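[1] attaching a predicted model along with its sequence, questions to come.
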Amino acid sequence: MKSALPVLLGLLAWPLAQAEPLTLTDTWSEVNWNDVPVVSRTLFFPGKVSFEWLNSSRHPGFQDPFFEQRRCNACHKDEEYGLGNMLVKGSQDSYPGKMGALRLQLQIAHDNNFLHVRARWQGQANKPARLHSLLTLENGQWQPLQFNAPAEEAFSIMWDDGSIPLFSSQGCFLSCHLPQEGKPAKGQGPVLKNYLAAVGAGSDKFLPASHSGRGARAKPLKETELMQQQAQGQFADVWQWRSATSGVLGIVDDGWLLDSHYQDPGEPSVKLNFNPRTGEPIWMFNPEVQGRSALNKLDLLKQQGLLTLVEGHNTAPFDAAKLPKGALLPQYYVSRQQAHSSEIQRIEASWDKGIYTLAFKRPLDTGDNKTDKSLQAGKVYTFAIAIHDDNAEGRGHFVSFPISVSLNPKVDADIISRELNGAQNP
Ligand code: HEC
């Protein structure tokens, strides 16, 4: 017989646990998550493993005649932890002390209108990531803080409905490439001018052009081909929660991936807090709301309370005369827009002694098939999940092998979404 003790202890601990909300106005999920099965997955540090490497004879799995049809996890069953620990050893220069793998608890449910997702994971740091890049005045110029620069953390789901060749077997590794030549590396150069150039240059995340992994060249497609692919829905949908920028407003950024990672149309909720004409930030904090006009080095260590510039809430126009020496200001500010991203409604985000809890819902069908995929019963979807933990950016994240998801108990998958009360198959 199962003991009721753990449940009782859990209930007793509940009122004592003081989870720190990570949003400005916190709302809580309407779903009773106790009714939804928890699926655990190990996410691992992928090192420098790229699509090109995996789909070449340097990867032993590539020799298998059925390599393309087989999922990573078919050959590497339960190897995530071992792979991550091995790969992280080769990256200790860039990520000293980083752990190799992370355990994720995932719950998926749906009702007639929404898909509900809940994720919980234990991060490596002993504080929540409430800061993203900061600006500081150095040698008379406002520029990004270089040393001990903070970075927010993120939870991302990249997913496909079977429209992208190889996605069901290789998941997010399809989008993982070595930096392309001629594109400035992220963070290159200390001056913001360079930074702006790098932002405009696009990312190294893209789907490979070839329809076959064998000898595939990660060459981007021509524009007409791209438009055709987009029209046919051959792109990945990408949802991304970011702890210290848009997440503060309760938004999960909604984007899509084809030859680059695009945000859905509409005004972005995260904007650069820098005016290139004046060479100065646009906003500082409003001391009447925030108690001070800027952040300082201590905030880097403590990461307590709201440290994000939220336009119209805690912002005041930048005024150099009112700033203390050594002032730090966020490089980005967030503003609530009638944004694309409001399609994904964030319900809950909190941090409790290292454990992040995130729950959000998204319409099964957003009505925009140019940049969103819709979810139906009967189909199998492939989710690939990434977590940027411990202030790591870029490849310093943990990734999952492909996870299959179905909304219908009759259609088998790794995760069968739980139908909530009254839900009929959509
Ligand atoms: C057909 C089977 C097969 C498939 C599918 C497969 N692999 Fe492999 N892979 C292997 C074998 C065999 C090795 C070498 C032995 C080992 O490390 O397990 C290997 C090695 C690796 C290594 C290097 C490990 C080391 O010891 O150096 C990585 C990383 C890796 N695979 C990742 C992946 C990823 C990611 C995918 C999915 C995109 C994938 N593999 C798909 C069979 C496969």
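    The structure has been received and is ready for your questions.

[2] how about low-confidence regions in this structure?
    For the chain, the stretches flagged by pLDDT under 70 are 1-17, 179-204, 210-221, 337-343, 422-426.

[3] so which bits of it are right by the ligand?
    49, 54, 59-61, 64, 67, 70, 72, 74-76, 83, 170, 173 (C-beta under 6 Å from any ligand atom). Bear in mind the C-beta positions are built from the backbone N, C-alpha and C, glycine included.

[4] again, 8 Å this time
    Counting by C-beta under 8 Å from any ligand atom, the chain comes close to the ligand at 46-47, 49, 54, 59-64, 66-67, 70-76, 79, 83, 86-87, 169-171, 173, 401-402.

[5] which of those fall within helices?
    54, 72, 73, 74, 75, 83, 86, 87, 169, 170 (DSSP state H).

[6] can you show me the strands along the stretch 101-250 of the chain?
    Using DSSP state E, counting those that start in this stretch, the strands of the stretch 101-250 of the chain run over 101-110, 114-122, 134-138, 141-144, 154-160, 236-242.

[7] before we move on, back to that, mind checking which of the residues of the chain next to the ligand are buried?
    Among the residues of the chain next to the ligand, the ones that count as buried by 16 or more other C-beta atoms under 10 Å are 46-47, 49, 54, 67, 71-73, 83, 87, 169-171, 173, 401-402.

[8] coming back round to it: quick one: which of the strands of the stretch 101-250 of the chain is nearest residue 23?
    Residue 23 lies closest to strand 236-242 among these, at 10.5 Å (C-beta to C-beta).

[9] helices or strands up against the helix or strand following the closest one?
    Using DSSP states H and E, the helix or strand that follows strand 236-242 in sequence is strand 253-257. Contacts defined by 3 or more C-beta pairs under 8 Å, 6 or more residues apart in numbering; DSSP states H and E place strand 253-257 against strand 236-242, strand 261-263.

[10] now do the same contact list for the residue of the chain found nearest the ligand.
    Scanning the chain for the residue nearest the ligand gives residue 61, at 2.2 Å (criterion: C-beta to the nearest ligand atom). The contact partners of residue 61, by C-beta atoms under 8 Å, 6 or more residues apart in numbering, come to 54, 67, 70, 75.

[11] check residue 409 too.
    416, 419.

[12] what segments of the stretch 201-350 of the chain are helices?
    All helices of the stretch 201-350 of the chain, identified by DSSP state H, counting those that start in this stretch, fall at 223-231, 287-290, 297-302.

[13] okay if I get those helices as TSV plus mean neighbour count and distance to residue 161?
    Formatted as TSV, these follow (neighbours: other C-beta atoms under 10 Å; distance: least, C-beta to C-beta, whole Å):
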stretch	mean neighbour count	distance to residue 161
helix 223-231	13	14
helix 287-290	14	44
helix 297-302	13	42
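
[14] does the residue lying closest to residue 347 once chain neighbours are set aside sit in a helix, a strand or a coil?
    Using C-beta to C-beta, 6 or more residues apart in numbering and skipping residues adjacent in sequence, the residue nearest residue 347 is residue 29, 4.2 Å away. State at residue 29, reduced to three classes by DSSP: H, G, I helix; E, B strand; the rest coil: coil.

[15] was I right about residue 29 contacting residue 358?
    No - counting by C-beta atoms under 8 Å, residue 29 stays clear of residue 358, with 9.9 Å between them.

[16] where do the contact lists of the two overlap?
    Here residue 29 and residue 358 have 118, 348 as joint contacts, going by C-beta under 8 Å, 6+ apart.

[17] more neighbours: those two, which one.
    residue 358 (22 against 18; other C-beta atoms under 10 Å).

[18] residues in contact with the more buried one?
    Residue 358 neighbours (C-beta under 8 Å, 6+ apart): 118, 119, 120, 155, 241, 346, 348, 349.

[19] so what's the spatially closest residue to the fourth one that is not a sequence neighbour up against?
    In this structure, residue 155 finds its nearest non-sequential neighbour in residue 241, 4.6 Å apart by C-beta to C-beta, 6+ apart. By C-beta under 8 Å, 6+ apart, residue 241 lies in contact with 154, 155, 156, 247, 252, 253, 346, 349, 358, 360.
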